[in-house]
Structure formats: C-alpha cells, structure tokens
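> how would this look folded up:
(2 chains)
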Amino acid sequence: MDEKVGVYVCHCGTNIAGTVDVEEVATWSGEQPNVAVARDYKFMCSSLGQELVEQDIKELGLTRVVVAACSPHMHEKTFRGACERAGLNPYLFEMANIREFDSWVTDDREAATHKAKSLIKGAIERVVHHQPLEPLPVEINPNTLVVGGGIAGISAALELADGGFHVYLVEREPSIGGHMAQLDKTFPTLDCSACILTPRMFDVGQHPNITLLSYSEVEKVDGYVGDFTATVRKKARYVNEELCTGCGICVEKCPQSVVDDVFEAGLGQRKVVYTPFPQAVPNYPVIDRENCIYFQRGKCKACEIFCPTEAIDFEQQDELIEIEVGCIILATGYDPFDARRIARYGYGQMANVFTSLEFERMVNAAGPTEGRIVLRDGETQPESIAIIHCVGSRDQNYNEYCSKVCCMYSLKFAHLVHERLPNAEVYNFYIDIRSAGKRYEEFYQRVLAEGANLIRGRAAEVTDVARLPDEEGKLIVQAEDTLIGQQRRIPVDMVVLSIGIQARHDATEVAQIFGLGCDFDGFFIERHPKLDPVFTMTEGISIVGTCQGPMDIPDSVAQGAAAAARVMSMITQGTVMMEPVRASINADQCSGCRICNNLCPYNAIVFHEDDEVSEVITALCQGCGSCVAACPSGAITGAHFTDEQLISQVVGVLWDVRQPELVPAEEG
Amino acid sequence: MTAKEKPKLAMYWASSCGGCDISVLNIGDKILDVDQAFDIALWPCVADFKIKDVKGYPDGYIDLCLFNGAIRTSENEEMAHLLRQKSKVLVAFGSCASEGCIPALSNLTTKEATFKSSYLDNPSTDNPEGVLPQPVTKVPEGELHIPVFYNTVKTLDQVVPVDYVMPGCPPEPPQIWAVLEAIITGAELPAPGGAIIGAGTVAVCEECSREKHEKEIERFYRPHEIVPDPDVCLLEQGIMCMGIATRAGCGALCPEVGMRCAGCYGPLDGIVDQGANMVSAIASVVKAGSGALAGIDEEELAREIGKVMDTIEDPSGTFYRFSMAHSLLTRVRSNGDGAQDGGGR
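Take a look at the predicted model:
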C-alpha cells in the first residue's frame, strides 16, 4: 500500500490543544509510514483550515486525508467537502476524534497526547484502505403521505398542499382534528381550541391537493425514499361517501346511544351512527358496527329508511388502497395516561375524580355539560376543586419523563374555574411549575394573582374517608406541602387528575411498519435530538408532534411545518443523493444460509428462492451493518466499513501494544 | 523431467491423528495411479525412510509435499523447515497443518496443564513417581534427547511459507484425488502463496439440501438432546451447525445425515476468524423473551439472552474446534490465571 496521506491536527482553540500536545502529535504523525505531510492548525474547520487541506491535495498530490479534530458528527461533512473541492473523492478522508474521545475526557496531558497518537494511527492505517465511493442518486416521487390528522399532521399536510404538492392524509378516526379538537381553550392565550383548529380542518377537507382518507390505517409500507408504496385499509363506514350529503338525519333517527369513550372521553354519549363532533371533517357519519342494532340483531335499519340519498350501505366492505409516495410524515400522536393505573388517586372508584381530558370536555361549551362545571351527578356545582399535576409523569413507577403540557393546562383549568365559578376554591398540587415558553410564565403569574392555591408537593392520595367533621362527604387530597414542611389534608368536592402524554399503545407495531426505532418509552426516535429533530434514521420518513415525545400545540405545528419544508426541499431537488455507505452481497459467495434475512431493520434484504441467494436492495439499505456483522461466510460487505478497513484501524490504534510472543524464547 | 524419471511425492505426519494419511489411502484404487505417477520420496506411514535420507536430497528435490499435522514440538518444526527446503510445492494438508485443529485447542491452556492431565491426573495413567517427558535425560551411556514440547501449537504457515492449503479434517478423498489428478495431468493450479485448493468457495449450506428459512433460535440443543427434523436446516432447530461459517468442499456430509457441521473445512475467503464470525451470526438470530425491545427492562433482557446462551455447551471448543491457532485469539495469555489449571473452557 503506497499512499500519500495528509494528516491535520486541530487545536480547536484550547479545546484540544489545552490537553493534547498538538505540535508533538503532528511531528510524530509526519514520521508514520504513508504520511506525506502532517500539520497542526488552530481551527481546521475554518475556511483557512479547509484551504490548507485543499492546497496540499493540489500541490503535494495527496491521495488520502486524515483530520484529527472533533466528532465526525460535527465536521466530517465539512472536510469531505474540502477534499471534493480539491478533486479528491470525499470518501478517501477519515476523521480521528481527539476532542470528544480524548481531550474532553481527561486532564492528563501525557495520556491524552498518547491517545491522540493512537487514534490518528488508527485513522492513517484505515484511510489507506479506503475506496472512492459515489453517492447514490434517488428520484423523489412528489406525492407525500401524512399519517395522522391531528394538528401536527394537518399542519404538515397544509404546508405541502399550499406549496403545490399532493398529500395523502390518512386518519384512523372518522374525523381529523386529533386531541386538539377535544380541548376547550388553549394556553396561554385562551384561544378557543376549536375556533383556531376547525378552519384548518376545513381547509384540509377542501384542498385540491389533499386526498383525505379518514377512518383508515396504513397496514404496510414497501420501498424506500423517493419511492414508497403504502397499503392503506379504508375501514367500512357503511355510508357511501359519494351519496352522503352530511345532512345528519341518520344520526337523528338512530334509536341507539352509547357512551362516547373517544371524543367525549366517556363523559357524554353519541349515537351508533355518528360523526364525532359537529365540525368533523369529513362530515360523513360512520356506523359503529359493534353497537348497531341491525348488525347485532338483524333489524332496525332506521338510518337507511330515513336517509334521503340512499347513502347507507350495510354491505360495504373494508377497502385496501395502494398509495405511491416519495416521503412519509408520521404524526400519529399520543395516548393519555390511564389514570386507573394509580389506584390511590381513586379514578374510576370515586365518582368525582375526573381526568383532565374529561374536564376539557366539561368546560367546553360544545361538550356534554355545555360548559358547566358540575359533579358526576350532572347538576351540583363544586365549591372546591383540587387539580393534581404530574399524574403518571415524573414518576419512576409510571413514566419518568415530564409530559411538558400538564403544568400549563392545569393552570389554565384553575383560571377557567375562577372564570366560571368565581366563588370556588382551586388547589393545584404540583412538584415544580414548568412554564418555559412564550408568555407561559406570565400566564402562571396571572393565575396566581387570580387567587389559585398552589401547593408544592406530590399528592399522596385521594380518599373519601373523613377524619374530621369538615371532611364529611368530601374528597380529601393528602399531600406534603414541601414549602411549609407539613402534611396537609384538603377537602374538596372535585378532583381533576392532570394525566400525562404517553406513546400510542401500538407505537411499536407502527414503528415496525415504517421501519423506525422506538425509545424505551415507545416514542419514535428522531435522527438527531438537536440538529435533525423531525427526520428519522430511515431516509424519507419524518416524525412530527407527540409521536416523538411530549410537546404542546405550537411545537407540534412547528414540527409539522418543518417536516413539510424538508420534504419540499427533497421534492424540488427531484433527486436526492444518498450516502453510498451500504451493504452488498456477493452472490457468488452467498450460500443462502438465510442468517441475514430477518435482521435488517429496514427490510432491505430479499431472498431469491430460485437461485437461493440473498440480496441487499441498495436504495433501502441504511448502512447500519447488522447483516455485515452477521454474515458468517463473509459474503456481505459494508462499503466504507470493510473488514480490511476496520482491522487495519484496530491494528493502528494498538500500534504500541507489544505483540504477544507465540513461542517463548526458551523454547526456540 | 524425462519419462523414466517420475515426479517425487512426500507425505509427512506432524502433530495430528493420522486421519489425513488414511484419507489419502481412501482414494481407493486410484492409489495405484498415484504410485504409477510419482516416486515416493518420504511417506513414514507407508514406507521406511529416515530423516537422513531426506537431508541427503538436493534442495527442491521433492515435487509435491503433503504436510499434515500441526507444529507442536521442536521435531515438527525441524521437519517443517527441512521439507520446505527440499520441496518445490509444499501443501498444508488438512486442518491441523492449515488451522491447528484439535491439537491447537490446548492453546487455551498451558503446556504444564496439558502434561498434568496427560501424565499425572489421567485416571488410566499409573505414574506414581510423577515422571514427565524431559527433553534431555542423562544415562550412563550419555545424553538422550527427545523433542521439546512447545507451549503453543502453531500452523505450518506460521513456521514456513506454504504454497497451497488443502482444508478438511480430514480432506475428503474425492477432493484429494481431484488435486492429485490435476497435478498428474499437469492442469493449471491457482497461483501459489497459500491459495486454497481442494475445496469450495461458498459455505457448506450451498451443498446441504436441507430447507432453509429465516432463523430465530430460542435455545440450543446438543446432539443427544434432540431428534432433528430430517428436512429442515439443523441450525434453525437449535443444533449448533457450523455450516454457515464453513467452507464447502465436503459435500455437506455431516448435516446431510443429521449431524451438525463442526466446521472442519475452515473459514471462507476474507474471514479472519471463523469462531468470531459464527458467534456474531448466532448472536444475530437468537430470540430472547418476547422479541420486542420497547418497554423491556434491560436487566431482564440480559437475563433472557443469558438463558439462551447458557444452552451453548463448550463455546470455545464448538466455535474454535478447528481454527484456534489461526484465529484472532491464537491462545490464552500464558500468564493468565485461567491458563494455569488447565480447566475452563
């Protein structure tokens, strides 16, 4: 191997040079085999630093470049660019991380200098085995699939559609709107949630660039960025959408009512043929087959008899639709925490313990109580209300994370109670108030000024067992008030549990369909938590809104729009260049043992039954290397991570380790 | 060479079991063709030659030397150097010469521990005075010398350069004949320098007729613990078949009759460490617990994985049965504690 390697050691100001003797490392590097030039420089990532590399490639005819600086996550792209500008294939470059892996983890100058040499030696030994690679161009289908019609999905869909690109919006429920449609007011501005949401829902329903598939679910996704095929199950509504005018006569005539567990959170009822709420989009009703008298007992058909357009169709079947798109945006939302899991708060056992979602419906003028705050009997106005924060959140027994929105909506509840029941006392039991957001803290101060009682302490329990006369007939919230250091028992008429945000119960299955990763809480994992928050490791698939973690409405809207912008940028480019770091199978060496077949997280490996060999579909492969490591016969190669490159790097890193003597001297 | 003067063939037996010699004889009546085509220059198993005979040959006198057995003693090493000097073409014949094979499993322990179990602790050995082999013994007539027993077993190519490698424990007779026939007829061989001859280029699975499917293994079985399905891939049934990581050439003899491939034909081209590759492949298809990751406690997952792994009996003897000397492991550290008692696996 005869290559001309240039080695560049970055000071990174004092980040590296403060701990590593960079001059010594550069001098030493210059003495290593294959190294034509070695330099140290204050900031390699600066334009002058990059020019240094470019100049040496041109003037000294370097064939390989090593930059010893920070993590390749930071600047690999930068230096690949410098190589490319100077006419060197960017993959003939290697980065040695002597900052995060070295200078930042020790104060020991001697040890740090030594480790820098080892890392650089590994990079030199590796880079001489690098091969020039070419990025893979992939054409982008300009259509996009958005999964989930909550505010995040609506926001993404509208941005794309307004930009002139076609969107298929798939929603599981009969109507789009998501959780936001259930809410009464939004914090901190107290805008009416429905008032700001429904115009956007209406736009989605009317938009010529949006195909809305409500009451539908994605069952399967094949393909890769630019060319996905999604199979969508359009569930039978038993209502012919082409004939239905949305007049609502069928709903009116339906004799059967059931508790609405979804939209009204169990607080109200709906008919068996129903639209979830008056402003539903689309406004075609759905027949709930489970509870329909006709489907259960074979007679009734009141809806069919009264429908003026003969739109009721009891014979309707589920339909499978194939959609071809270039990119996919997932906005599948969250499940509220199940308050029954915390038995000591008594939800489901004591009538006047409510969840925050029930309370949202209760205070909503369009909800089951028409906005009146009443106890479970539907009449009595409470004189005192306790709001317990962090139910299921910030708790090692349930979810360790903070659900982010509960503090603010709990404060909003306190405000709404003051507004509707000026004489009622409100007690908020909180651990910390988290009001980080634009005008959030001001809202908190306003609620305090309105006279809410904030008690700092996690509520221990809610009980109806009275100890004192004034506790009789009340719900008693017991908590340690940590500001005064005392146990307190507060008797109230109503308790509201501020339940947190959880990943959807079926998030893992959804992740499998789309080839995504889930974290241990079940939320989808973004590509980079800081710098790439809406893309995922699967090219062409974005995640927005609460499916990737707790967030509020403005964040969800922003994420939806951000993903739309990223998708539009890909569409307008027409083709995207993909990293050529992919696996490939040498068919001549593959014995068809099928070890690799079910390993690929991206479903990129296919087995050809006819000639009994496996193949990696290059465009699907994300270069993770699972199959490369697993292949027992060396038939799979990972480009840019070949055995030769990796073993050379290891040997380089261990340059100063004594070779074990195979035969001790006395035996010779 | 003239018609009268036949090419010279040597077959040597270093540290090995003798199976390689038997396998050569197992080519059946073709052995007569071998006799017709070659003059035997050295073959301790079938004809009486002395070392001094070999030392008397001019350099390069032997046209083809099939060297079987690993390098375990000073005698093995001496013969390796001598035969390299005297041979035009030197072949590392069989697994011991090419990879270390069973003898090299003693690289997992020390010479002292090996002696202890061979000469002292062995239930069938009666050695009350605890006599161990000594390289030099003084007797009234003078000094007696026997070969020095090395601490580490090496392959032939770790001692001298070899031209070709014929893998297998032992190499299968049809493959042996194919190679000899090629040499007799003057057919073109691959470029020397350690090239593999007499074997395939893909894994054993290619030659195995069992049905293969996607794999998910919940536990492993030792051969006596299970009656395998006759038609399905043994590995899928939890039998630690090494076929996936082993070079073809044998005709998948073992798996075809329901025994796991033990891996004797060694790793495929480009594979540095057969055992590591096998471990990596197995690790990729183990199914522990429900298989779902989300929501599973990491310690619980580790326990589940541990349960599956505990069903693998004798991992080093399974994954490195033939390839220890040539693997990345090579041997345990001779000053390591584990090596002293000769135990451990």
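
> I'd assumed residue A:536 was in contact with residue A:524.
Yes - at 6.7 Å, residue A:524 and residue A:536 qualify as touching, with contact defined as Cβ atoms under 8 Å. From N, CA and C alone the C-beta is placed, and that goes for glycine too.

> give me the common contacts of the two.
A:516-517, A:543 (Cβ atoms under 8 Å, 6 or more residues apart in numbering or on different chains).

> so which of the residues you listed wins on neighbours?
The most neighbours of any of the shared contacts of residue A:524 and residue A:536, using other Cβ atoms under 10 Å in any protein chain shown, belong to residue A:543, which has 30 neighbours.

> who does the residue nearest to it when sequence neighbours are not counted form a beta bridge with?
Beyond its immediate neighbours in the sequence, the residue positioned closest to residue A:543 (Cβ to Cβ, 6 or more residues apart in numbering or on different chains) is residue A:524, lying 4.4 Å away. The partner list for residue A:524 in beta bridges (DSSP bridges) reads residue A:518.

> and residue A:524, how many neighbours does it have?
So residue A:524, with other Cβ under 10 Å, has 24 neighbours.

> ok, residue A:232 - how many residues close by?
Applying other Cβ under 10 Å, I find that residue A:232 has 20 neighbouring residues.

> checking it next. Helix, strand or coil?
The three-state label given to residue A:232 by DSSP: H, G, I helix; E, B strand; the rest coil is strand.

> tell me the contacts of it?
A:168, A:170, A:213, A:216-219, A:320-323.

> just to revisit the earlier point, if I pick the residue nearest to residue A:543, what's in contact with it?
By Cβ under 8 Å, 6+ apart, the neighbours of residue A:524 are A:330, A:507, A:511, A:516-518, A:536, A:543, A:547-548.

> if any of these are buried, give me the ChimeraX selection for them.
Here is the ChimeraX command that selects the buried residues among the contacts of residue A:524 (16 or more other Cβ atoms under 10 Å in any protein chain shown):
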select /A:330,507,511,516,518,536,543,547,548
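
> circling back to that earlier point, just the pLDDT for the residue nearest to residue A:543.
Reading off the confidence values, residue A:524 has pLDDT 96.

> and it, how close does it get to residue A:546?
Computed with Cβ to Cβ, to the nearest Å, the distance linking residue A:524 and residue A:546 is 10 Å.

> kindly report the same for residue A:50.
In this structure, residue A:50 and residue A:546 are 41 Å apart, going by Cβ to Cβ.

> can you read off the pLDDT for the residue of the stretch 1-150 of chain B found nearest chain A?
Taking Cβ to the nearest Cβ as the measure, the stretch 1-150 of chain B has residue B:150 as its residue closest to chain A, at 5.3 Å. The per-residue pLDDT reported for residue B:150 equals 92.

> confirm it sits in a strand?
Yes - with three-state DSSP as the criterion, residue B:150 is part of a strand.

> that one contacts residue B:114, doesn't it?
No - distance between residue B:150 and residue B:114: 10.4 Å, which falls outside the contact criterion (Cβ under 8 Å).

> so which of those two has more stuff around it?
For residue B:150 and residue B:114, the more surrounded residue by other Cβ under 10 Å is residue B:150, and the numbers stand at 20 against 17.

> quick check: can you list the domain ranges of chain B?
Using automatic domain parsing, the domain parsing of chain B gives B:8-103+B:153-196, B:204-332.

> write out the residues of the stretch 401-550 of chain A neighbouring chain B.
Near chain B, the residues belonging to the stretch 401-550 of chain A are A:507-508, A:511, A:518-520, A:522 when assessed by Cβ under 8 Å from any Cβ of the partner chain.

> let's go with 10 Å and repeat that
Within the stretch 401-550 of chain A, the positions lying close to chain B (Cβ under 10 Å from any Cβ of the partner chain) are A:503, A:507-509, A:511-512, A:517-523.

> state the number of residues packed around residue A:240.
Residue A:240 has 15 nearby residues by other Cβ under 10 Å.

> now do whichever strand or helix holds residue A:512, average pLDDT.
Following DSSP states H and E, one finds residue A:512 within helix A:507-514. For helix A:507-514, mean pLDDT is 92.

> give the buried residues for that helix.
Across helix A:507-514, burial judged by 16+ other Cβ under 10 Å covers A:507-508, A:510-511, A:513-514.

> who's in contact with the residue of the stretch 201-350 of chain A found nearest chain B?
Each residue of the stretch 201-350 of chain A has a distance to chain B, by Cβ to the nearest Cβ, and the smallest belongs to residue A:335, at 13.6 Å. Taking Cβ atoms under 10 Å, 6 or more residues apart in numbering or on different chains, we find residue A:335 in contact with A:179, A:499, A:501-507, A:522, A:546.

> re the thing from before, wait, doesn't the residue of the stretch 1-150 of chain B closest to chain A sit right on residue B:158?
No - counting by Cβ atoms under 10 Å, residue B:150 sits too far from residue B:158 to count as a contact (11.4 Å).

> contact partners for residue B:183?
By Cβ under 10 Å, 6+ apart, the contact set of residue B:183 is B:7, B:9, B:34, B:37-38, B:63-64, B:89, B:91, B:189, B:197.

> recalculate using a threshold of 7 Å.
Neighbouring residues of residue B:183 by Cβ atoms under 7 Å, 6 or more residues apart in numbering or on different chains: residue B:64.

> got it, and residue A:132?
For residue A:132, the residues meeting the contact criterion (Cβ under 7 Å, 6+ apart) are A:89, A:91-92.

> quick one: stretch A:495-512 to chain centroid distance?
Using Cα atoms, centre = their mean, to the nearest Å, the mean C-alpha position of stretch A:495-512 is found 12 Å from that of the whole chain.

> over to stretch A:531-538?
Between the centre of stretch A:531-538 and the centre of its host chain there is 9 Å, according to Cα atoms, centre = their mean.

> residues of chain A that sit close to chain B?
For chain A, the residues found near chain B under the criterion Cβ under 7 Å from any Cβ of the partner chain are A:508, A:518, A:520, A:522, A:589, A:591-595, A:597-599, A:626, A:629-630, A:632-634, A:643, A:647, A:662-664, A:667.

> pLDDT below threshold where in chain B?
For chain B, residues meeting the criterion pLDDT under 70 lie at B:1-4, B:289-296, B:334-345.

> how about the stretch 1-150 of chain A?
Scanning the stretch 1-150 of chain A for pLDDT under 70 picks out A:1.

> which one among the contacts of residue A:524 gets closest to residue B:85?
Closest approach to residue B:85 among the contacts of residue A:524 (Cβ to Cβ): residue A:517, at 60.2 Å.

> quick check: that closest one touching residue A:525?
Yes - the criterion here is Cβ atoms under 7 Å, and residue A:517 meets it with residue A:525 at 4.3 Å.

> and residue A:156, what element?
Element membership for residue A:156, per DSSP H and E: helix A:151-162.

> helices or strands next to the very next helix or strand once past that helix in the packing?
Next helix or strand after helix A:151-162 toward the C-terminus (DSSP H and E): strand A:167-170. Counting contacts by 3 or more Cβ pairs under 7 Å, 6 or more residues apart in numbering or on different chains; DSSP states H and E, strand A:167-170 is packed against strand A:144-147, helix A:151-162, strand A:210-213.

> now the last one, how far from the centre of its chain.
From the chain centre to the centre of strand A:210-213 is a distance of 23 Å (Cα atoms, centre = their mean).

> sheet partners, orientation included, of it?
For strand A:210-213, the paired strands and their directions (DSSP bridges) read strand A:167-170 (parallel).

> avg pLDDT for the strand it pairs with?
What strand A:167-170 shows for mean pLDDT is 98.

> could you list the alpha-carbon positions for that strand in PDB?
Listed in PDB are the C-alpha atoms of strand A:167-170, where the atom choice follows Å, rounded to 0.1, in the frame of the first residue of the first chain:
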ATOM      1  CA  VAL A 167     -50.700  14.900   0.000                       C
ATOM      2  CA  TYR A 168     -52.500  11.800   1.100                       C
ATOM      3  CA  LEU A 169     -53.600  12.300   4.700                       C
ATOM      4  CA  VAL A 170     -54.500   9.100   6.500                       C
END
